[in-house]
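Visitor: The sequence and its predicted three-dimensional model are supplied below.
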Amino acid sequence: MSDLDGLSEAQAHAFLAGMRWQSEDHQVCPDCGVRDKHYFRCTRLQWSCKHCFSTFSLTSGTAFHGHKLKYRVLLKALFYFAINQKGLSALALRRYLGVQYRTAYLLMHKIREAIMLSTEVRPLSGHVEIDGGHFSGKKRKPRKVAEKELPKLAKKYQHRDKVGPAENPLHENRRIIIVFRECDTRPLEQGGRPGAIRTITAICKAEDSQVVPLVERYVKKGSKVYTDELPAYRKLQYIGFSHETVNHSREFSTDAGVNQNQAESYFSRLRRAFIGVFHRITPRYMLDYSCEMNWREDMRRTDLLGQVTDLFYKVTNTPHSKDWRNYVRGNKREGELRTIPGL
């Protein structure tokens, strides 16, 4: 970060331009798509296209389209986002950059949206671990402890339809995040990278009825799937998957090596972010936060510069945001996203 503090605005602009177009003197016009050495307007840090004569900037047509921040601030924001392994709150970013809270909040969510929309659409294959975790919808503690009423038990000879249904203990905002992790099983001598290499998540309300369609959607038939002993997974072995289970009430890993350690690793990071950083995640934007943790898990072995370069590549290859454009003027996302768009 000390090196970033010494950068001028022009140097930060040149650094980001090199990351976007992999060239110091050639750019791609967002209007006509021609790659050329366009006319540079140094006083405005913009270019004028040689072919269609339109004026464009470094962030034109991207997730950061129309921003008013300096490029030094944008570069710092990307670095701060990358170096916080458990996530970064908008309040913390506001203090680091010296901007308003809503500026930091929108900036963070535009980065998360770019990560979500840039998810690779190829289905997972090979060794795939699947697990589910409950998030959000925590009931608030009442002002005082309510008096407990003993349930009215039915007599043995009474018909079962005379007994009222049990109340649902889950809050209406409770959601289940299903994680799918493809693992590399090749040995190190063959260039393998032990552990998970690709991660996909989805949101559902009822794991029992929705998990099998999600597996068919995100995992290639013939893959070896590792899960716990949830009854919802029992159907997988009959629809084209090789299915192995581990009983977590007895062991974390079987003697044969069947486990869900990579899926558990994902939820370990996500819960630390949920408890210690974000504190509250609503269903409307839960998929955005889960995709951020997907990226952090998949990029955990990449150096800092590589992570920042990948972030900026995703941001500049994502169109102008629909959900976060004019957010402070009332343009909110309608409903919640359960699955990654386009996947």
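Guide: Received the coordinates, thanks.

Visitor: wait, is Lys138 part of a strand?
Guide: No: applying DSSP: H, G, I helix; E, B strand; the rest coil, one finds Lys138 to be coil, outside a strand.

Visitor: Can you report how many residues neighbour Phe11?
Guide: Careful, residue 11 is Gln; it's not Phe. 14 (other C-beta atoms under 10 Å). Heads up, the C-betas are built off the backbone N, CA and C, glycines and all.

Visitor: ranges for the helices of this structure?
Guide: Secondary structure of the chain, counting by DSSP state H: helices at 2-5, 9-21, 71-83, 90-97, 101-117, 207-218, 261-273, 286-298, 304-316.

Visitor: Lys332: which of the ones you listed is closest?
Guide: Proximity of the helices of the chain to Lys332 was assessed by C-beta to C-beta; the nearest stretch is helix 101-117, lying at 11.5 Å.

Visitor: What separation do you get for Met299 and His13?
Guide: Distance of Met299 to His13, given as C-beta to C-beta, to the nearest Å: 25 Å.

Visitor: Name the residue in these two with the higher neighbour count.
Guide: Using other C-beta under 10 Å, the more surrounded residue of Met299 and His13 is His13, with 20 against 15.

Visitor: got the contact list for that one?
Guide: 45, 58, 71 (C-beta atoms under 8 Å, 6 or more residues apart in numbering).

Visitor: Pick the one among those closest to Lys221.
Guide: Nearest to Lys221, judged by C-beta to C-beta, of the contacts of His13 is Leu58 at 43.5 Å.

Visitor: tell me the contacts of the spatially most central residue of the chain?
Guide: Nearest to the geometric centre of the chain sits Cys291, at 1.0 Å (C-alpha atoms, centre = their mean). Applying C-beta under 8 Å, 6+ apart to Cys291 gives the contacts 112, 115-116, 119, 201, 340.

Visitor: Can you tell me which of the helices of the chain is most buried?
Guide: Comparing the helices of the chain by mean neighbour count (mean count of other C-beta atoms under 10 Å), helix 286-298 ranks first with a mean of 23.

Visitor: State the distance from the residue lying closest to Val246 once chain neighbours are set aside to Phe252.
Guide: Among residues not flanking Val246 along the chain, Val258 sits closest, at 4.9 Å (C-beta to C-beta, 6 or more residues apart in numbering). From Val258 across to Phe252, the span is 10 Å (C-beta to C-beta).

Visitor: Need the residues touching each of the two.
Guide: Counting by C-beta under 8 Å, 6+ apart, the residues touching both Val258 and Phe252 are Val246.

Visitor: remind me which residues of the stretch 51-200 of the chain are low pLDDT?
Guide: Low-confidence regions of the stretch 51-200 of the chain, defined by pLDDT under 70, span residues 148-169.

Visitor: Same drill for Val258 and Phe252, tell me which one is more crowded.
Guide: When neighbours are counted by other C-beta under 10 Å, Val258 and Phe252 differ, and Val258 comes out ahead with 16 against 11.

Visitor: Contact partners for the more buried one?
Guide: By C-beta under 8 Å, 6+ apart, the contact set of Val258 is 226, 244-246.

Visitor: How many residues are close by Lys138?
Guide: 11.

Visitor: no, scratch that, I was asking about Glu182
Guide: Glu182 has 24 neighbouring residues, counting by other C-beta under 10 Å.

Visitor: State the distance from the closest residue to Trp47 other than its chain neighbours to Arg333.
Guide: Leaving out its chain neighbours, the residue that sits closest to Trp47 by C-beta to C-beta, 6+ apart is His38, at 4.2 Å. His38 sits 35 Å away from Arg333, taking C-beta to C-beta as the criterion.
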